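Engineer: quick one: sequence plus predicted model below, questions after.
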Amino acid sequence: MNKISAQMVKELRDKTGAGMMNCKRALESCNGNFDDAVTQLRQKGLMIANKKNSRSTKEGLIESYIHPGSRLGVLIEINCETDFVARRVEFKELAKNLAMQIAASPSVKFITKADIPESIIEEEKRIELGKTDLDSKSQEMKLKIIEGRVEKRLSELTLMDQNFIRDSSISIKELIQNNIALLGENIKLSRFERFTLGEIQ
């Protein structure tokens, strides 16, 4: 077995947000293979997040981010289960990262795809159906391509589907799941608002 150094454990923790002992165990079980350990921890984080997903989140905090120049700002409400976790530095860092992500993602209007109104989905379909670049395709192929384009557009509108700006190898959904695994509580982003100077909401 490859020797697992403290530096390897620290790098894995920085990458995944998992606890030190979990990182050490993952590296040991993967014989020191960093990428395999990352995959294992993310899968574990997903399982933990799924188990905790139905638990009530009545605590949390309001976080803000003001972009340099003070022409763009974001307010978010992020919730957890207990006041103890709401005061944790990791939870506060997650909140700040989410607010910064929203500021950097002007196309994002919704938290999840489930939040997108049916009228917007139908409008995107109508736009794609009106394009003529697929006229030579069969009807079946045309509908399949349109479905893929609409799904891509909905992902652009959705925060959870964005790549994390500070680590593009994970999505915002995975970032939150990693923190659920780390902090041991369900975490939900409830709402956000982006403010641009001179724009009326």
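Structural biologist: Received the coordinates, thanks. This is a predicted model, so every value here is computed, not measured. Residues are numbered from 1 along each chain as shown.
Engineer: tell me how many other residues surround Arg87.
Structural biologist: 12 (other CB atoms under 10 Å). Any C-beta I mention is one placed from the backbone N, CA and C, and that applies to glycine too.
Engineer: can you read off the pLDDT for it?
Structural biologist: Note on Arg87: pLDDT of 94.
Engineer: check Ser56 too.
Structural biologist: pLDDT at Ser56 comes out at 68.
Engineer: do the same with Asn33
Structural biologist: 86.
Engineer: same question, the one 4 residues further on
Structural biologist: What the model reports for Ala37 is a pLDDT of 85.
Engineer: if you drop the residues flanking it in sequence, what lies closest to it?
Structural biologist: Nearest non-adjacent residue to Ala37, counting by CB to CB, 6 or more residues apart in numbering: Ala26, 4.1 Å away.
Engineer: I'd guessed the one you found sits against Arg13; true?
Structural biologist: No - between Ala26 and Arg13 there is no contact under CB atoms under 8 Å: 10.2 Å.
Engineer: give me the more crowded residue out of the two.
Structural biologist: Applying other CB under 10 Å to Ala26 and Arg13 shows that Ala26 carries more neighbours, namely 24 against 18.
Engineer: check the offset of the helix or strand harbouring the more buried one from the chain's centre.
Structural biologist: According to DSSP states H and E, Ala26 maps onto helix 20-29. Centre-to-centre, helix 20-29 and its host chain are 24 Å apart (CA atoms, centre = their mean, to the nearest Å).
Engineer: equivalent analysis for stretch 148-168, please.
Structural biologist: On CA atoms, centre = their mean, the centre of stretch 148-168 falls 9 Å from that of its chain.
Engineer: what sits up against whatever helix or strand Ser190 lives in?
Structural biologist: For Ser190, the host element (DSSP H and E) is strand 188-196. By CB atoms under 8 Å, 6 or more residues apart in numbering, the surrounding residues in contact with strand 188-196 are 57, 60, 71-79, 98-99, 102-103, 106, 111, 159, 176, 201.
Engineer: got the residue ranges for the strands in this protein?
Structural biologist: Remark: strands assigned in the chain by DSSP state E are 59-66, 72-80, 163-164, 167-171, 188-196.
Engineer: next, the angle strand 188-196 makes with the second one.
Structural biologist: This points to strand 72-80. Angle, strand 72-80 to strand 188-196, by axes from the mean of the first three to the mean of the last three CA atoms, to 10 degrees: 170 degrees.
Engineer: the most centrally placed residue in the chain and Arg88: what is the separation?
Structural biologist: When CA atoms, centre = their mean is applied to the chain, the residue found nearest the centroid is Ile172 (1.2 Å). Taking CB to CB, to the nearest Å as the measure, Ile172 falls 19 Å from Arg88.
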